[in-house]
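**Q** Pasted the sequence and its predicted model underneath.
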Amino acid sequence: MDDKILLAKIAEKDEKAFQVFVEKYHQLVLNVCNNILNNYDDAMDVSQEVFIKIYESIDSFRGDSKVTTWLYRVSVNKSLNYLRSRKKQKWFTSLDIIFGDDNKSSDPEDKELKPGENIELEENKKALYYALRKLPEKQNIAISLNNFEDLSYKEISEVMGISVSEVGVLINRGKKKLQKILIDYYKKN
């Protein structure tokens with residue numbers, strides 16, 4: 001079903017249309033929330049709040065942007081509000097997510113970790129989590145949306161309500177800071 005028709009039906013409080021909408025976009029919303037919160041259970045709770053917010057404020061969607069852009073924005077805002085209210089630390093768990101995995105293999109045997117690699121991977125995750133907590137909030141959001149959700153700079157600018165060039169600056173500065181923080185972290189440990 002087309003999103004415009006779906007949204008029109010939801011505005012009329014059609015519960016079946018809302019159920020279709022939730023099924024269509026639940027994974028997207030859950031992924032955004034989980035990437036920010038770094039806790040699956042919390043992400044499930046917040047994703048439910050996102051859909052409640054969407055249902056309650058469906059009339060405020062003017063159609064100026066894509067539905068997914070609106071969902072990203074609401075998901076990011078709800079997740080950040082949750083973090084602020086719980087005073088939690090920020091997110092991310094894997095070096096592969098930020099820097100990519102150039103050694104992707106289709107052979108399952110190649111993906112098994114050799115002895116000692118699991119410990120190294122856990123240490124890298126710990127270091128990355130530490131480094132990302134040190135970044136300013138906007139840099140975390142921009143990097144997360146770009147790397148976790150594969151959003152373009154233009155899409156991120158719409159979600160965050162900033163210019164495309166500011167997105168580029170946030171991501172570039174964030175990656176440079178991450179690199180410096182990680183280097184310092186490994187020098188100390």
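**A** Sure thing, it's come through.
**Q** what packs against the longest helix that the chain contains?
**A** Counting by DSSP state H, the longest helix found in the chain is helix 164-188. Other elements packing on helix 164-188 under the criterion 3 or more CB pairs under 8 Å, 6 or more residues apart in numbering; DSSP states H and E are helix 117-134, helix 137-147, helix 153-160. Backbone N, C-alpha and C define where each C-beta goes, glycine included.
**Q** Show me the residue at the heart of this protein, geometrically.
**A** Geometric centre of the chain, nearest residue: residue 32, 3.4 Å, by CA atoms, centre = their mean.
**Q** Now the regular element (helix or strand) spanning that residue - C-alpha only, CSV.
**A** Under the criterion of DSSP states H and E, residue 32 resides in helix 15-37. Only the C-alpha atoms of helix 15-37 are listed here, as CSV (Å, rounded to 0.1, in the frame of the first residue of the first chain):
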residue,chain,number,x,y,z
GLU,A,15,-6.1,0.6,13.1
LYS,A,16,-5.4,-1.9,10.3
ALA,A,17,-3.6,0.7,8.3
PHE,A,18,-1.6,1.6,11.4
GLN,A,19,-0.7,-2.1,11.9
VAL,A,20,0.5,-2.3,8.3
PHE,A,21,2.5,0.9,8.8
VAL,A,22,4.2,-0.5,11.9
GLU,A,23,5.0,-3.8,10.3
LYS,A,24,6.5,-2.0,7.3
TYR,A,25,8.7,0.4,9.3
HIS,A,26,9.3,-1.3,12.7
GLN,A,27,12.7,-2.7,11.8
LEU,A,28,13.9,0.6,10.5
VAL,A,29,12.8,2.4,13.7
LEU,A,30,14.1,-0.3,15.9
ASN,A,31,17.5,-0.2,14.2
VAL,A,32,17.8,3.6,14.6
CYS,A,33,16.8,3.4,18.3
ASN,A,34,19.2,0.4,19.0
ASN,A,35,22.1,2.2,17.3
ILE,A,36,21.7,5.2,19.6
LEU,A,37,20.7,3.4,22.8
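**Q** Would you mark the buried spots in that helix?
**A** Buried residues in helix 15-37, counted by 16 or more other CB atoms under 10 Å: 17-18, 21-22, 25, 28-30, 32-37.
**Q** can you put those in TSV and add pLDDT and distance to residue 5?
**A** As requested, the buried residues of helix 15-37 are exported to TSV (pLDDT from 0 to 100; distance: CB to CB, whole Å):
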residue	pLDDT	distance to residue 5
17	93	8
18	94	13
21	95	11
22	95	16
25	96	15
28	95	19
29	95	20
30	95	24
32	92	24
33	92	26
34	89	29
35	86	30
36	85	30
37	84	32
